[in-house]
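Asks: coords please:
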Amino acid sequence: CGESAAVAYTFGIAAPMVAAAPPMAAPAGGFFVAPFLGRQVRLIDPLLIGVQAGILRPINERMDWFVQGGGSYNTDVKELSLFVDTGLEFKVGNSGFIGGGVGLWDINNSDDLPNSTSPKQDVSYFIHGGAGLPMKIHNRSAQWFAEARIFDDFTDDISHHNILKLGIRVMH
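Replies: Residues are numbered from 1 along each chain as shown. The predicted structure follows:
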């Protein structure tokens, strides 16, 4: 037939995509150590210095259960309080968490001890939360955390019987 045709098509070639830094993921369970500073309101208002350690175990992708224990040194009356807790923690976003639980505070003290300023061994309830820090400590993930604790015998007088803590949790 003697006819001809031409087709023109332009191919676009984009520059290679540069992958964004992956979001910091929340640690998936494991052992943790968490030094903290805090304030205790219980007849006195001292600075607390302490450490807690525990273990997180996953229930599912967004929830862990944990057990933790530790000690808190009351800088005013020079007294050590030992505690043990258990609770649930939920992952929030890429690196945050919020949780709560129940524990025993002052398990080493009681009214029967001659120099104890603590009222007695107390059941306590607490909430805590925090998020990942952009740094690592000894190549371990680190998170800041805050915790508020009240005591079962004093739920009618929370303003005079509470503990507030702030610290860094290092995951192992």
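
Asks: Which residue ranges of this protein form strands?
Replies: Per DSSP state E, the chain carries strands over the ranges 30-42, 47-58, 63-74, 79-92, 96-105, 122-137, 140-151, 161-171.

Asks: and residue 126, how many residues sit next to it?
Replies: 20 (other CB atoms under 10 Å). All C-beta spots, glycine's among them, are computed from the backbone N, C-alpha and C.

Asks: Residues in a beta bridge with the nearest residue to it once chain neighbours are set aside, which ones?
Replies: Nearest residue to residue 126, sequence neighbours excluded (CB to CB, 6 or more residues apart in numbering): residue 149, at 4.0 Å. Judged by DSSP bridges, the bridge partners of residue 149 are residue 126, residue 163.

Asks: try residue 68
Replies: residue 54, residue 85.

Asks: Surely it touches residue 54?
Replies: Yes - contact criterion CB atoms under 8 Å: residue 68 and residue 54 qualify, at 2.8 Å.

Asks: List the contacts of the residue lying closest to residue 96 once chain neighbours are set aside.
Replies: Among residues not flanking residue 96 along the chain, residue 131 sits closest, at 4.2 Å (CB to CB, 6+ apart). Shown in contact with residue 131 (CB atoms under 8 Å, 6 or more residues apart in numbering): 92-93, 95-97, 143-144.

Asks: This completes my enquiry, with thanks.
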